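> Got a predicted structure plus its sequence, pasted below:
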Amino acid sequence: MIQTKSLTKKYANGKGIFDVSFQVNHGEVFGFLGPNGAGKTTTMRHLLGFINPTSGSASIAGLDCRTNAAEIQRKLGYVPGEIAFFDNMTGNQFLKFIAEMRGIHNKKLQDSLTERFELESDRKIRKMSKGMKQKVGLIAAFMHDPEVIILDEPTSGLDPLMQKKFVDLINEERSRGKTILMSSHIFDEIDNTCERVAIIRDGRLVAVENITTLKTTLQKRFTITFGNEQDMATINASGLNYEKKDRNKVEIVVSGDYNNLVKTLAECNVISMDAATQSLEEIFMRYYGKEGNKHVMDIV
Ligand SMILES: Nc1ncnc2c1ncn2[C@@H]1O[C@H](COP(=O)(O)OP(=O)(O)OP(=O)(O)O)[C@@H](O)[C@H]1O
């Protein structure tokens with residue numbers, strides 16, 4: 001549904017995005033992760049047809065984003081990273097203006113979104129907080145019931161309750177067959193909504209992966225407490241990657257093969273064992289940490 005092929009935008013200062021290729025399937029929620037300046041907004045602006053690529057292409061529903069920008073924008077809902085409003089309007093006046101531009105006659109969806117996000121829509125935008133403005137942006141993006149939704153940091157400024165409402169909305173939209181591309185700095189939000197995620201670093205994609213696969217192929221951390229201090233010697237002799245946390249407690253990191261762990265623990269008196277799968281944030285940090293390049297090579 002959304003596709004970029006070797007999309008490249010080289011700004012005069014040498015920055016930009018380079019050879020970015022990915023595809024978001026119909027009905028999929030796809031996450032786009034990367035720190036400030038990695039190239040998320042630049043990629044999204046190509047999808048909206050706002051800028052010309054230096055080379056490569058972007059398309060939505062088979063239509064080239066640059067040559068069919070007007071048609072694509074009719075199908076699309078978009079929340080930009082920085083929303084430009086008419087500050088003197090109230091929320092209602094702004095939403096009415098967008099509705100007229102889009103030719104929306106039925107206010108039902110707008111009203112239910114306003115209620116869902118508890119927006120005081122008769123307040124002047126100039127007097128709204130960042131979070132309130134973000135709600136206006138979200139309502140404006142969703143109120144024409146678009147098939148494809150592109151969200152650049154959609155919940156920045158929203159409180160945790162509103163972030164939860166947003167996650168629920170995304171999951172409802174997905175179940176209605178919508179295709180969604182979303183950048184975010186909030187890992188839980190991506191984890192709770194997206195099936196796949198692209199990670200971008202210095203303008204280049206370093207991974208496009210299924211979130212579950214990313215988590216299972218990487219590490220699991222076991223925290224184990226022993227009944228006997230002597231069990232520490234068994235762990236030490238096992239060759240497992242471990243860190244001693246207390247006189248009878250260790251943290252063991254395993255990736256892939258669990259046989260050695262199981263065999264070793266069978267020889268010990270285990271009184272408690274907790275397992276933690278890496279969080280999306282930890283996985284992400286591996287791409288950006290000092291070992292980042294190694295893992296990029298391993299996975300991509
Ligand atoms: N118009 C421009 N002219 C020159 N350089 C630009 C321009 N727009 C963006 N850049 C540079 O291109 C790179 C990618 O920027 P982009 O805004 O796409 O990143 P981002 O991942 O969206 O970051 P953020 O999370 O801060 O929004 C950055 O180094 C940025 O400084």
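That came in fine, so what should we check first?
> Just give me the neighbour total for the residue in the stretch 51-200 of the chain positioned nearest to the ligand.
The stretch 51-200 of the chain approaches the ligand most closely through residue 81 (4.9 Å), counting by Cβ to the nearest ligand atom. To be clear about C-beta, it is placed using only N, CA and C from the backbone, and glycine gets the same treatment. For residue 81, the count of nearby residues is 14 (other Cβ atoms under 10 Å).
> Not counting sequence-adjacent ones, nearest residue to it?
Sequence neighbours aside, residue 152 is the residue nearest to residue 81 in space, at 4.1 Å (criterion: Cβ to Cβ, 6 or more residues apart in numbering).
> tell me, what residue is most central in this structure?
The structure's the chain has its C-alpha centroid closest to residue 31; by Cα atoms, centre = their mean the separation is 3.4 Å.
> Enumerate every residue touching that one.
182-184, 190, 193-194, 196-198, 211 (Cβ atoms under 8 Å, 6 or more residues apart in numbering).
> which other helices and strands contact the longest helix seen in the chain?
Looking across the chain with DSSP state H, the single longest helix is helix 160-175. Under the contact definition 3 or more Cβ pairs under 8 Å, 6 or more residues apart in numbering; DSSP states H and E, helix 160-175 sits against strand 29-33, helix 130-142, strand 179-183, helix 187-193.
> and of those, who's closest to residue 1?
strand 179-183 (4.3 Å; Cβ to Cβ).
> If you average the pLDDT over the closest one, what comes out?
For strand 179-183, the mean pLDDT works out to 95.
> Kindly report the same for stretch 265-284.
If you average the pLDDT values across stretch 265-284, you get 85.
> buried sites along stretch 244-257?
Buried residues in stretch 244-257, counted by 16 or more other Cβ atoms under 10 Å: 248, 250, 252, 254.
> got the buried residues for stretch 257-267?
So for stretch 257-267, counting by 16+ other Cβ under 10 Å, buried means 261, 264-265.
> Any chance of TSV for these, columns distance to residue 116 and secondary structure?
Below are these laid out as TSV (distance: Cβ to Cβ, whole Å; DSSP: H, G, I helix; E, B strand; the rest coil):
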residue	distance to residue 116	secondary structure
261	46	helix
264	52	helix
265	48	helix
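> out of the residues you listed, who's nearest the ligand?
Using Cβ to the nearest ligand atom, the buried residues of stretch 257-267 come closest to the ligand at residue 261, 38.7 Å.
> Could you measure from the closest one over to residue 214?
21 Å (Cβ to Cβ, to the nearest Å).
> Equivalent analysis for residue 228, please.
37 Å.
> These two: which is more packed in?
residue 214 (19 against 12).
> can I assume the more buried one is in contact with residue 195?
No - under the criterion of Cβ atoms under 8 Å, residue 214 makes no contact with residue 195, lying 11.1 Å away.
> What number of residues are in the vicinity of residue 285?
Applying other Cβ under 10 Å, we find 14 residues neighbouring residue 285.
> whoops, I mixed them up, residue 211
For residue 211, using other Cβ under 10 Å, the count is 18.
> What residues does this structure have near the ligand?
Counting by Cβ under 6 Å from any ligand atom, the residues of the chain close to the ligand are 11, 13, 15-16, 34, 36-42, 81.
> now these: which count as buried?
Buried residues within the residues of the chain next to the ligand, counting neighbours by 16+ other Cβ under 10 Å: 16, 34, 38-42.
> Pick out the most distant pair among these.
Among those, 16 and 34 lie farthest apart (Cβ to Cβ), at 13.3 Å.
> Thought residue 198 was touching residue 21, still the case?
No - using Cβ under 8 Å, residue 21 is not in contact with residue 198, being 9.8 Å away.
> Now do the shared contacts for the two.
In contact with both residue 21 and residue 198: residue 205, using Cβ under 8 Å, 6+ apart.
> Those two: which has the busier surroundings?
residue 198 (25 against 14).
> ok, how many other residues are close to the closest residue in space to the more buried one that isn't next to it in sequence?
Closest residue to residue 198 in three dimensions, ignoring its sequence neighbours and counting by Cβ to Cβ, 6+ apart: residue 208, at 4.7 Å. For residue 208, the count of nearby residues is 16 (other Cβ under 10 Å).
> So residue 208: helix, strand or coil?
strand (DSSP: H, G, I helix; E, B strand; the rest coil).
> quick one: contacts for it?
Residue 208 neighbours (Cβ under 8 Å, 6+ apart): 22, 196-199.
> can you do 7 Å?
22, 196, 198 (Cβ atoms under 7 Å, 6 or more residues apart in numbering).
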